[in-house]
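In: predicted coordinates and the sequence they were generated for:
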Number of protein chains: 2
Amino acid sequence: MPAFSSQPSAPIAVFDSGLGGLTVVRALMRRLPREKLIYFGDTARVPYGSKSPRTVLQFARQCLHFLTQFNPKLIVVACNTVSATALESLHHDFAIPVIGVLEPGAAAAVAAAARTPAGQPRRIGLIATEATIASQAYNQAVTRLDATIQVIGRACPLLVPMIEEGRLPDSPIVRSVLQEYLQPFKSLQIPVLILGCTHYPIFSQAIEETLGLPTALIDSADQTALVVAEKLATMHIANDAGTPLADGLTCYVTDQGQRFESLAGRFLGRLITQPVWVEPERLENPTVEK
Amino acid sequence: MPAFSSQPSAPIAVFDSGLGGLTVVRALMRRLPREKLIYFGDTARVPYGSKSPRTVLQFARQCLHFLTQFNPKLIVVACNTVSATALESLHHDFAIPVIGVLEPGAAAAVAAAARTPAGQPRRIGLIATEATIASQAYNQAVTRLDATIQVIGRACPLLVPMIEEGRLPDSPIVRSVLQEYLQPFKSLQIPVLILGCTHYPIFSQAIEETLGLPTALIDSADQTALVVAEKLATMHIANDAGTPLADGLTCYVTDQGQRFESLAGRFLGRLITQPVWVEPERLENPTVEK
């Protein structure tokens, strides 16, 4: 018996280390408005992006195990750090189909790079957390699709704290930090830049303006929603009957923060009901389900 | 039977959410060079400063419980966020004497404020994490000592990530961020400023230069070491015999990061041996020991 639900009415579960993954929820809601969504943000232990692969995998395992209680038909790992460092192990540990944000983002970037005028060097820029950059996972995913493309990555550890602080994209400090982080991409006149962290789309316009180039910014949220829709269709478990859900989202978090409302609203682009709090010490290690 | 050792030869345990508490270890080593020190940094779940008091207390409880296995004679909570939000509960839960960094820092600030020329308003500035500022714990500690002094606090969420990123104090971005955060203190010509986070002493000089005032900066590390020395003397458990220890420090951390060496060296001001790794899922909630 499979450990996941194959019913179209079952929910899609979305996991992130914090609240940035709500940008993926937003894309899923737009593309799949009839699907029930369960979101889980490990806000007590966020960020993952500065931590070691072993710790990230262990935390992710516990969070996915928590989500299995809802019998989801599919789990989206809406966190680049987890997608980059732990996805293969999670595929191995869980019988439920797991989709990360990295492969869809890499595919979209390669497609955009194919539109680069002939004769220009084929390069893709990547901004992400330290853990994602160190994993080289985007480089590998791009190489698998097109070995002639070079990925140039840069860790940007201040972007997440600036966004979580509520700092607006037009703050002079945001602009100075972006100038510094994006300088190598400006110098190389990079035609495609992957926003390799679900927080970064909040600063999309500031990134575009700082680059001052016709650079295609790749936000993996939309692309991931597309891959999820295709997967559901292939498995014949899409919920495409009935009217769109007015509020099909339930959120779970591990920290009882006051910041949920303002931050979540910013990522989701609309007001959001209060989340359910899960004590982090209640998260358990899974017994391997496969 | 007490749950802590009353032997002078027992170690002092030092706990922090991450590695910033090593600034307190440094001060302890200078003042108490014959004491064995056990350091525990919860690097897998750092930072605590943006999280809720309930989560901070729960994590701190688990970490102190871990430290009790070494039968320390005293535990130093070298984390302002924990000292500000959880110390009273920890006093209640553990039989071992627990000393935080907040009361010593507040006392040093009040002493410095007493040296303010007569006629000037009696104000103390405070920079700290969001959780420490929200707790109002420094305000309360200062008021208990001198109710005529006003504490003016400002959360500075970008300082810790900038220090952990390895950004140097003379970076233009550090200077811009400090200009913004310290502007209220400059306008008020604040005579005393508490560095309410163990990371901040790394930026002391840049803070002084940004203020451009004869402001007394209060780094609670030295003051905490003094309070620890007094406590050991009062309890007759100081280890003041024998030669100073060449290497009396053992470190435990919950994340197996690559960043330990460079970051720890920066806080401690010298090279440091590799830490022992403790799997975070092995941390347990204590049964109340008192």
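Out: That came in fine, so what should we check first? Quick caveat, the model's predicted, so the values are computed rather than measured.
In: near chain B, which residues of the stretch 1-150 of chain A?
Out: A:43, A:44, A:45, A:50, A:51, A:52, A:54, A:55, A:58, A:59, A:62 (CB under 8 Å from any CB of the partner chain). (C-beta placed from N, C-alpha, C; glycine too.)
In: ok, the first one - contacts?
Out: What that stands for is residue A:43. A:18, A:19, A:253, A:254, A:255, A:257, A:260, B:51 (CB atoms under 8 Å, 6 or more residues apart in numbering or on different chains).
In: okay if I get those residues as CSV plus distance to residue A:119 and neighbour count?
Out: Listed next are these as CSV, based on distance: CB to CB, whole Å; neighbours: other CB atoms under 10 Å in any protein chain shown:
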residue, distance to residue A:119, neighbour count
A:18, 42, 28
A:19, 43, 29
A:253, 49, 23
A:254, 51, 28
A:255, 51, 25
A:257, 51, 24
A:260, 49, 19
B:51, 51, 27
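In: what's the farthest-apart pair in those?
Out: A:19 and B:51 (13.0 Å; CB to CB).
In: number of nearby residues for residue A:140?
Out: Neighbour count of residue A:140, defined by other CB atoms under 10 Å in any protein chain shown: 13.
In: is chain B within reach of the helix-or-strand element of chain A with minimal mean pLDDT?
Out: Within chain A, no helix or strand scores below helix A:260-268, which has a mean of 88 by mean pLDDT, DSSP states H and E. No. Helix A:260-268 stays out of contact with chain B when judged by CB under 8 Å from any CB, the minimum separation being 10.0 Å.
In: before we move on, what about stretch A:191-208?
Out: No. If you take CB under 8 Å from any CB as the test, stretch A:191-208 misses chain B, and the best it gets is 12.9 Å.
In: would you mind measuring the gap between the ends of that stretch?
Out: Taking CA to CA, to the nearest Å, stretch A:191-208 runs 11 Å from one end to the other.
In: and it, how far out from the chain's middle?
Out: Distance, stretch centre to chain centre, for stretch A:191-208: 12 Å (CA atoms, centre = their mean, to the nearest Å).
In: again, but for stretch A:156-168
Out: Per CA atoms, centre = their mean, the centroid offset for stretch A:156-168 relative to its chain is 16 Å.
In: just the CA atoms of it, as CSV, please.
Out: Once non-C-alpha atoms are left out, stretch A:156-168 reads as follows in CSV (Å, rounded to 0.1, in the frame of the first residue of the first chain):
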residue,chain,number,x,y,z
CYS,A,156,24.3,36.5,-0.9
PRO,A,157,23.9,35.9,2.8
LEU,A,158,22.5,39.4,3.6
LEU,A,159,19.5,39.3,1.3
VAL,A,160,17.3,37.0,3.4
PRO,A,161,17.9,39.0,6.7
MET,A,162,17.2,42.2,4.9
ILE,A,163,13.9,40.9,3.5
GLU,A,164,12.9,39.4,6.9
GLU,A,165,13.8,42.7,8.6
GLY,A,166,11.0,44.2,6.4
ARG,A,167,13.5,46.4,4.5
LEU,A,168,12.1,47.8,1.3
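In: and which of the residues of the stretch 1-150 of chain A next to chain B is nearest to residue A:210?
Out: Using CB to CB, residue A:50 comes nearest to residue A:210 of the residues of the stretch 1-150 of chain A next to chain B, at 23.3 Å.
In: ChimeraX command for the buried members of the residues of the stretch 1-150 of chain A next to chain B?
Out: Here is the ChimeraX command that selects the buried residues among the residues of the stretch 1-150 of chain A next to chain B (16 or more other CB atoms under 10 Å in any protein chain shown):
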select /A:43,44,45,50,51,52,54,55,58,59,62
